[in-house]
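Participant: Sequence first, predicted coordinates after that:
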Amino acid sequence: MKKGIGFYNVGEIFDYFMLIKSATKGVASNGKPFLTLILKDVTGEIEAKLWEATPEDEELFQSEQLVKISGEVNQYRGRSQLKIHAIRPAQPTDGVHAKDFIEKAPVEKEELMSRLTEIIFEMKNPNIQRIVRYFIKRYQEDLLVYPAAVKNHHEYVSGLAYHTVSMLNIAKELKRLYPEINADLLYAGVILHDLGKLKELSGVTAPSYTLAGKLIGHIPMMVEEIGQVARELEIEGEEVTILQHMVLSHHGKAEWGSPKPPLVREAELLHLIDLIDAKMNMLNRALEKTKPGDFTDRLFAMDNRSFYKPLFEE
């Protein structure tokens, strides 16, 4: 495959295939309809406007459709945007496949699964271990392929499992530095905290939010499910309530989506580990596409900051 969109600079002409992640209708100030397309390949995504879109265009250019597109990379409000010169749906004779345009985690599924299994074996608290094992068994298939989000961080195939395993690696280091940490509780919180996203997000190819995802969200759904599973396994006690609290509080603040702030040491750590891993993922991927001496595009989830890539290496 040619150089991906993530490596194109302002002023360059892009002429290749991309996958439509989303297509949103709008009306311009002149009253004419247009489509806002979010296009993606394995290196990243870019927004493009299809002006004066016809009803046929709306039919043709929908989520998960592969398109052949040519256009110029521009910048709008600090972010790259593709000015479309020509666009058409991909044809079978083009010999391109959607799976080749979807970014994947840099670690194989089997390795991610063996890491999760290893952590569960290390757990000493039987109640916590049984609950976590139950969830992994129930959701193993989806967990190993789902993204961790629709945008911003780990939004690629196996992103959720990769995010979870990366967080477990941080948690293990923290346990080494601070032996007082309850490792079972922290590891369980890491594994369970985002599992509700398997119901919040629609799928793998071009994920969007499900109705339950929009109206309820992954945090309340998962808190409820932990209670259901504990009843099913006939597990009672403080562990269940604290596991629910870990999930409930992992976003840290009400304005970030957590009904309760962390009120248990391991819950506070879970929140911080989640932040570290999500931010590092965003920064590393943005900096990878940036030349030394330049700034990244503005990163919306990082307070719209652009980050500088130093000229010197480590």
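Facilitator: Perfect, thanks for sending it.
Participant: okay but M221 is in contact with L211, surely?
Facilitator: No: using C-beta atoms under 8 Å, M221 makes no contact with L211, being 11.9 Å away. No exception for glycine: its C-beta is placed from N, CA and C like everyone else's.
Participant: Tell me who's in contact with I181.
Facilitator: 174-175, 265-266, 269 (C-beta atoms under 8 Å, 6 or more residues apart in numbering).
Participant: repeat for P261
Facilitator: Contact analysis of P261 by C-beta under 8 Å, 6+ apart lists 249, 252-254.
Participant: out of these, who has the most neighbours?
Facilitator: S249 (23 neighbours; other C-beta atoms under 10 Å).
Participant: pLDDT score for that one?
Facilitator: S249 carries a pLDDT value of 95.
Participant: List the contacts of it.
Facilitator: 258-263, 267, 270-271.
Participant: Now the buried members of these.
Facilitator: The neighbour-count test (16 or more other C-beta atoms under 10 Å) marks 258, 262, 267, 270-271 as buried among the contacts of S249.
Participant: which one of these sits closest to M302?
Facilitator: Relative to M302, the closest of the buried ones among the contacts of S249 is H271; by C-beta to C-beta it sits at 17.0 Å.
Participant: Give me the distance from the helix or strand that G227 is a member of to the chain's centre.
Facilitator: Per DSSP states H and E, G227 falls inside helix 218-232. Remark: helix 218-232 is offset 22 Å from the chain centroid, using C-alpha atoms, centre = their mean, to the nearest Å.
Participant: Would you mind pulling up the elements that that helix packs against?
Facilitator: Judged by 3 or more C-beta pairs under 8 Å, 6 or more residues apart in numbering; DSSP states H and E, the packing partners of helix 218-232 are helix 126-143, helix 197-200, helix 238-249.
Participant: Give the full set of residues in contact with the nearest residue to H193 once chain neighbours are set aside.
Facilitator: Once flanking residues are discounted, H193 sits nearest to H250: 4.6 Å by C-beta to C-beta, 6 or more residues apart in numbering. Contact analysis of H250 by C-beta under 8 Å, 6+ apart lists 189, 193, 219, 258, 262, 267, 270-271, 274.
Participant: if you set the cut-off to 6 Å instead, what comes out?
Facilitator: Residues near H250 by C-beta atoms under 6 Å, 6 or more residues apart in numbering: 193, 270-271, 274.
Participant: And the pLDDT at Y187?
Facilitator: For Y187, the model assigns a pLDDT of 97.
Participant: any idea how far W256 is from the residue nearest to H193?
Facilitator: For H250, the distance to W256 equals 10 Å [C-beta to C-beta, to the nearest Å].
Participant: By average pLDDT, which secondary structure element in this structure comes out worst?
Facilitator: helix 197-200 (a mean of 81; mean pLDDT, DSSP states H and E).
Participant: which residues sit against the helix or strand that that helix is followed by?
Facilitator: Moving toward the C-terminus from helix 197-200, the first helix or strand encountered (DSSP H and E) is helix 211-215. For helix 211-215, the external contacting residues (C-beta under 6 Å, 6+ apart) are 199-200.
Participant: and the longest strand for this structure?
Facilitator: strand 13-27 (DSSP state E).
Participant: May I have it exported as CSV, CA atoms only?
Facilitator: Provided in CSV are the C-alpha atoms of strand 13-27 (Å, rounded to 0.1, in the frame of the first residue of the first chain):
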residue,chain,number,x,y,z
ILE,A,13,-1.9,15.7,-3.3
PHE,A,14,-3.5,12.4,-2.1
ASP,A,15,-4.7,10.0,-4.7
TYR,A,16,-5.5,6.5,-3.4
PHE,A,17,-8.2,4.5,-1.6
MET,A,18,-9.7,5.2,1.8
LEU,A,19,-12.4,3.8,4.0
ILE,A,20,-15.3,6.1,5.0
LYS,A,21,-15.5,6.0,8.8
SER,A,22,-18.6,8.3,8.9
ALA,A,23,-20.7,10.4,6.6
THR,A,24,-22.8,13.3,8.0
LYS,A,25,-25.2,15.4,6.1
GLY,A,26,-25.2,19.2,6.4
VAL,A,27,-26.5,22.3,4.7
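Participant: who has more neighbours, M221 and L211?
Facilitator: M221 (18 against 8).
Participant: Now do the contacts for the more buried one.
Facilitator: Going by C-beta under 6 Å, 6+ apart, M221 touches 196, 199.
Participant: Could you measure from it over to V10?
Facilitator: Going from M221 to V10 by C-beta to C-beta gives 41 Å.
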